[in-house]
Structures are given as C-alpha cells and as structure tokens.
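Q: below is the sequence, then the predicted model.
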Amino acid sequence: GENVEQHPSTLSVQEGDSAVIKCTYSDSASNYFPWYKQELGKRPQLIIDIRSNVGEKKDQRIAVTLNKTAKHFSLHITETQPEDSAVYFCAASEYNQGGKLIFGQGTELSVKP
Amino acid sequence: NAGVTQTPKFRVLKTGQSMTLLCAQDMNHEYMYWYRQDPGMGLRLIHYSVGEGTTAKGEVPDGYNVSRLKKQNFLLGLESAAPSQTSVYFCASSYGDRNTYGYTFGSGTRLTVV
C-alpha cells in the first residue's frame, strides 16, 4: 500500500520568511495530493491540492509542486505570518482505491513575530 | 447544514469496555472514513466506506469494527477497549467523484482508555 513520508517534523521561521515542507510517496499510481492545516484542538482543513497531471499550483502565498518521476511533492508558504503557525499534513490518494487518503506524519510550523 | 458531526466529543473508558462513535453527514457524500490521530504519527486510516452497506479495512483496523447501514451515518465500534486505543478519532466524508476529492472532517472525538 501507499506510504507517505513528511519532513521536517518541526519548522521554525521568522515572520516574513518562506517555509518549505516536503513529502515523498511510494505508490506510483497515486494521483491526488492534498495539503491540510490543523490548528491546535481543531479539525484538519484543506488548504491546497494538486493532481498528477499538474506540476505546480499556486493560491496567493501558498504553492505546491509535484515531481512524479521522483515521487515527491512540496508545500511552499511565502511571506509567513504568525497565523500560519499550525501542523501541516500532506497526503496521497489513488482514485480507484476508494479515494482514501494516506497522510504523512505532520510538520509543526512555528512563525515567530 | 451541519457538515460532518461526531458524537461524543469526549469519552473516558475503562479497559475492556465497549463503545460506539457516531459520524453523521448531511452533504449526501458517498465516501466516509475513520482516522485516528496520535502525536508524531499523523492521521492513520482505520476503516472506510465507499457507499451504503459497504466497508473496507484501512491501515490500522485491528480492534475496531464499523457499519454503514445508512448513507449519512458511519459508526465506529470498539468491542473491548485497550489503553493503546487512547487517541483522537476523526471522521471524514467526500463525494468520491474524481473531480471532487476533498474531505470534510468532523470535529473529532477525544477518547481516553484507562
């Protein structure tokens, strides 16, 4: 089955700096890669996703890149703000496998003012 | 429109007791999922369902059972709770359409087994 590895487990940046979180996946059949943000005590919320026919996607300060050959994808947050502090999870899914998401271990991002 | 509702929100069980967690969604989603979240381990899939009357095992199914008798409800059962099942449990649902993958999560159930 699919296995997703996420790095780093913790990341601390200064406000205004960029943050990058990386994930690798094992199943070459996976074709959907979402990123979730989870604030303390809250439920995970989808922030951006990418499908395997696209190499990069941007939404304001957030971007995701996908390298299918290397089987890795990354989340880029620019101009970080204190409200970006949260745990971020990557995930991978193959549609014909019931749409089930396999998650990485999570990255705790801390943005210092 | 409540989205995905989980009950209860908190529960303390003694080892060996049983309980059922309820997940209800009002979005007419086909697919439903149960995850557990433990520190440093992300969200791990327990069981899932691709439609009414169907269930399938996920990554960590042992010690849990599920049922999907109605499309809007997905129940997670613990027959004989163990301390290793102390966790936060999240239910999620999705349309299951290849153009609409996104999950909607419930608010979670914090379970402690003593």
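A: Received it, and whenever you're ready, just let me know what you need. Just so it is clear, the structure is predicted and the values come from calculations on it, not from any experiment. Numbering: from 1, shown residues only, chains lettered A, B, ... in the order given.
Q: which residues of chain B fall in strands?
A: For chain B, applying DSSP state E gives strands covering B:4-7, B:10-13, B:19-25, B:31-37, B:43-49, B:56-57, B:64-67, B:73-78, B:87-94, B:104-105, B:109-113.
Q: tell me the most buried of those?
A: Sort those by mean neighbour count, taking mean count of other C-beta atoms under 10 Å in any protein chain shown, and strand B:31-37 sits at the top with a mean of 25. No exception for glycine: its C-beta is placed from N, CA and C like everyone else's.
Q: who touches it?
A: Applying C-beta atoms under 8 Å, 6 or more residues apart in numbering or on different chains, the external contacts of strand B:31-37 come out as A:98-101, A:103, B:21, B:23, B:25, B:43-51, B:58, B:60, B:64, B:66, B:68, B:74, B:76, B:85, B:87-96, B:103, B:108.
Q: so where's chain B uncertain?
A: Across chain B, residues meeting the criterion (pLDDT under 70) sit at B:1, B:97-101.
Q: change it to 50
A: Along chain B, no part satisfies pLDDT under 50.
Q: how far does stretch A:7-17 sit from its chain's centre?
A: 13 Å (C-alpha atoms, centre = their mean, to the nearest Å).
Q: who touches that stretch?
A: With contacts defined as C-beta under 8 Å, 6+ apart, stretch A:7-17 is touched by A:19, A:21-23, A:79-82, A:105-113, B:40.
Q: now with 6 Å, please.
A: A:19, A:22, A:79-80, A:107-113 (C-beta atoms under 6 Å, 6 or more residues apart in numbering or on different chains).
Q: for stretch A:39-55, same thing?
A: A:31-38, A:57, A:59, A:62, A:64, A:66, A:68, A:86, B:102, B:105, B:107-108.
Q: what does chain B have sitting close to chain A?
A: B:31, B:42-43, B:45, B:48, B:50, B:94, B:96, B:98, B:101-102, B:105, B:107-108 (C-beta under 6 Å from any C-beta of the partner chain).
Q: B:Ser49 pairs with what?
A: With DSSP bridges as the criterion, B:Ser49 is bridged to B:Met32.
Q: with B:Ala24 instead?
A: B:Thr5, B:Asn73.
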